[in-house]
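> Okay, here's the prediction I keep looking at, along with the sequence it came from:
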2 protein chains.
Amino acid sequence: MNNPHPASHVFDSAISLRPMDTHRYSGRTAETYNNMVGPFGGITAAALLNAVLQHPERLGDPVSLTVNFAGPVAEGEFEIEATPLRTNRSTQHWLLLQKQDGEVVTSATAFFATRRDTLSEQQLSPPPAPRPDTLKRVDISIRNWFKQYDFRFIRGIPLQPRAADQPADTESLLWVRDYPERPLDYCSLTALGDVFAPRIFLLRDHFTPSGTVSMTHYFHATADELSKAGTGFVLGQAKASRLHGNYADQVAHLWSEDGVLLLTSTQSVYFKE
Amino acid sequence: MNNPHPASHVFDSAISLRPMDTHRYSGRTAETYNNMVGPFGGITAAALLNAVLQHPERLGDPVSLTVNFAGPVAEGEFEIEATPLRTNRSTQHWLLLQKQDGEVVTSATAFFATRRDTLSEQQLSPPPAPRPDTLKRVDISIRNWFKQYDFRFIRGIPLQPRAADQPADTESLLWVRDYPERPLDYCSLTALGDVFAPRIFLLRDHFTPSGTVSMTHYFHATADELSKAGTGFVLGQAKASRLHGNYADQVAHLWSEDGVLLLTSTQSVYFKE
């Protein structure tokens, strides 16, 4: 099931970086992951995490990542400045700045740590869902980046008309994985945590401008668990708690096919009117 | 009900800052909000937000705040460097660094915006709870900062023995407000979002080392809603989705007494063994 040439996957090309000096990397936006304006936020987040992962001073594995989408990322070259702000015995805090023409387009902070076996307790079980192979791939290829994922919705497809007697519900539940298949790792999990459309699209049947302003991922998955998840689907659930005054939150979770919680993620999302 | 002298409240002294130059403020840890090691994280987060709120270039109100607790904050003086990374027409992204002796002890990013009336939809209702005046204040004054809050637990008191037949549950539900009363504002809401003990303490009846490494707040509350909440209690609910390999997440929500969702908050929390 493992892809023998993971480096040839379109995802790996999209997040690849070239070291410039100790703390700086250069990259290039990939047309394959274009959104309406600029790249899919998930691919930007994955590239930022990738800068830390390949930094020679990096310690341990990602535990948390916050990405702030400060301004539009233009097609073309960008630079990522990855600075270890503080390194303790088994933990490390990072500041990440993505720049174009000297201006910050994305800022981020990341926390890495070496983890040890401890009490292990999963409080949140995956919602009941039919197996992914019993569901059809939803073809929503109106944006380039959609084509790079295999989406299998259980409920909550964005921008669908809602019956008048159906209550407003911002929940989506879906299976998703890279298309074509690619073994799960911290970078692809980072991008998968951002595949949910703005929750406002569950209340509206027509497109309106909307976009993530800040996103936070907590990585529960250890390297072993990612390896075990392999090229399988992840089950993603996302819902808003409140949409109000141009901004909505989103609380999301991703589980492996065998029910292990891999990621808890939250977003603050702008929406127009 | 409004405090006629809010500046005299112990909370205001604890988060007060003195401008040093354009982007730097100096402050001092307050013994009143001491935790076991260093200050209560919520008071540090509130001081960081306060730096932006009093910055002359600040635009709009807080929408999101992420605080990374990078190292212990020593008792005494600290400096906060508040830099606007990017200012757009109605939005602003900030980088915040709290330093002691030139070393970063806390890093943060904040997103501010001017908000307009839009579609408004609350998806998450407060859990049913008896009114706060029917409950007794819980006196858990083993740390200084506990004394500055009026805690009224409905369920999920930390470090309580659990009956063998009772399932492990990391949920806490409680009413809380400043003690003595103080009108709610963005800074006090920021601190209130961090009053939940580490969720590991709901699975254990004895203390073990634990602490927040990163916290993200999404402010749903507008200035009007904060003003309306006044000196009332807020209803706080917190639970973990997974505790594993030294780290747990926590998803929390705070509602006003009349059921308006004011804050969605998440944390990544270290715990030993």
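Okay, I see it.
> where do the strands sit along chain A?
A:18-21, A:24-28, A:61-69, A:77-87, A:91-100, A:103-113, A:121-122, A:149-155, A:172-178, A:210-219, A:234-239, A:242-244, A:247-256, A:261-271 (DSSP state E).
> Can you add mean pLDDT and mean neighbour count and give those back as CSV?
Bear in mind the C-beta positions are built from the backbone N, C-alpha and C, glycine included. Putting the strands of chain A into CSV (pLDDT from 0 to 100; neighbours: other C-beta atoms under 10 Å in any protein chain shown) gives the following:
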stretch, mean pLDDT, mean neighbour count
strand A:18-21, 97, 10
strand A:24-28, 98, 18
strand A:61-69, 98, 25
strand A:77-87, 98, 19
strand A:91-100, 98, 22
strand A:103-113, 98, 24
strand A:121-122, 97, 16
strand A:149-155, 97, 19
strand A:172-178, 98, 22
strand A:210-219, 98, 25
strand A:234-239, 98, 24
strand A:242-244, 98, 25
strand A:247-256, 98, 25
strand A:261-271, 98, 24
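> Need the ones you listed in TSV (columns: distance to residue A:226).
Formatted as TSV, the strands of chain A follow (distance: least, C-beta to C-beta, whole Å):
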stretch	distance to residue A:226
strand A:18-21	24
strand A:24-28	23
strand A:61-69	9
strand A:77-87	22
strand A:91-100	19
strand A:103-113	15
strand A:121-122	16
strand A:149-155	17
strand A:172-178	13
strand A:210-219	9
strand A:234-239	10
strand A:242-244	32
strand A:247-256	9
strand A:261-271	7
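> Export those strands to a markdown table and append columns for distance to chain B.
Formatted as a markdown table, the strands of chain A follow (distance: least, C-beta to the nearest C-beta, whole Å):
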| stretch | distance to chain B |
| --- | --- |
| strand A:18-21 | 20 |
| strand A:24-28 | 17 |
| strand A:61-69 | 4 |
| strand A:77-87 | 4 |
| strand A:91-100 | 4 |
| strand A:103-113 | 5 |
| strand A:121-122 | 5 |
| strand A:149-155 | 15 |
| strand A:172-178 | 12 |
| strand A:210-219 | 4 |
| strand A:234-239 | 6 |
| strand A:242-244 | 5 |
| strand A:247-256 | 4 |
| strand A:261-271 | 4 |
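> Out of those, flag the one nearest residue B:261.
Closest to residue B:261 of the strands of chain A, according to C-beta to C-beta: strand A:242-244, at 4.5 Å.
> what sits up against the closest one?
A:170, A:199-200, A:203, A:248-249, A:271, B:118-124, B:220, B:222, B:261, B:264 (C-beta atoms under 8 Å, 6 or more residues apart in numbering or on different chains).
> partners of it in the sheet?
Strand A:242-244 has the following sheet partners, assigned by DSSP bridges: strand A:247-256 (antiparallel), strand B:121-122 (antiparallel).
> possible to save the ones you listed as TSV with distance to residue B:66?
Listed next are those as TSV, based on distance: least, C-beta to C-beta, whole Å:
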stretch	distance to residue B:66
strand A:247-256	13
strand B:121-122	23
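> right, so of those strands, which gets closest to residue B:136?
strand B:121-122 (29.6 Å).
> Please compute how far the top helix by length along chain A lies from its chain's middle.
Of all the segments assigned as helix in chain A under DSSP state H, the longest by residue count is helix A:41-53. Relative to its parent chain, helix A:41-53 has a centroid offset of 9 Å by C-alpha atoms, centre = their mean, to the nearest Å.
> ok and it relative to strand A:261-271, angle-wise?
Calculated by axes from the mean of the first three to the mean of the last three C-alpha atoms, to 10 degrees, helix A:41-53 forms an angle of 130 degrees with strand A:261-271.
> From residue B:95, how far out is the residue nearest to residue A:104 when sequence neighbours are not counted?
Leaving aside its sequence neighbours, residue A:104 sits nearest to residue B:85 (C-beta to C-beta, 6 or more residues apart in numbering or on different chains; 4.7 Å). Here the criterion is C-beta to C-beta, to the nearest Å. By it, residue B:85 lies 5 Å from residue B:95.
> who touches both of these two?
residue A:107.
> So which bits of stretch A:136-144 are buried?
By neighbour count on 16 or more other C-beta atoms under 10 Å in any protein chain shown, the buried set for stretch A:136-144 is residue A:144.
> Need phi/psi at residue A:169.
Reported as degrees, to the nearest 10, the phi and psi values for residue A:169 are phi -140, psi 120.
> related to what we said a few turns ago, how about the contacts made by the residue nearest to residue A:104?
A:70, A:97, A:104, A:107, B:93-95.
> at 7 Å what do you get?
A:70, A:104, A:107, B:93-95 (C-beta atoms under 7 Å, 6 or more residues apart in numbering or on different chains).
> One more: residue A:146?
By C-beta under 7 Å, 6+ apart, the neighbours of residue A:146 are residue A:140.
> quick revisit: which stretch among the strands paired with strand A:242-244 comes nearest residue B:211?
Judging the strands paired with strand A:242-244 by C-beta to C-beta, what sits closest to residue B:211 is strand A:247-256, at 22.8 Å.
> C-alpha coordinates for that closest one, PDB please?
Output of strand A:247-256 as PDB, limited to C-alpha atoms (Å, rounded to 0.1, in the frame of the first residue of the first chain):
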ATOM      1  CA  TYR A 247     -16.100  35.800  12.000                       C
ATOM      2  CA  ALA A 248     -16.900  32.200  12.800                       C
ATOM      3  CA  ASP A 249     -15.000  29.500  14.600                       C
ATOM      4  CA  GLN A 250     -14.600  26.000  13.500                       C
ATOM      5  CA  VAL A 251     -13.700  23.000  15.800                       C
ATOM      6  CA  ALA A 252     -12.500  20.000  13.800                       C
ATOM      7  CA  HIS A 253     -11.200  16.500  14.500                       C
ATOM      8  CA  LEU A 254      -9.500  13.900  12.300                       C
ATOM      9  CA  TRP A 255      -9.500  10.200  13.100                       C
ATOM     10  CA  SER A 256      -7.700   7.300  11.400                       C
END
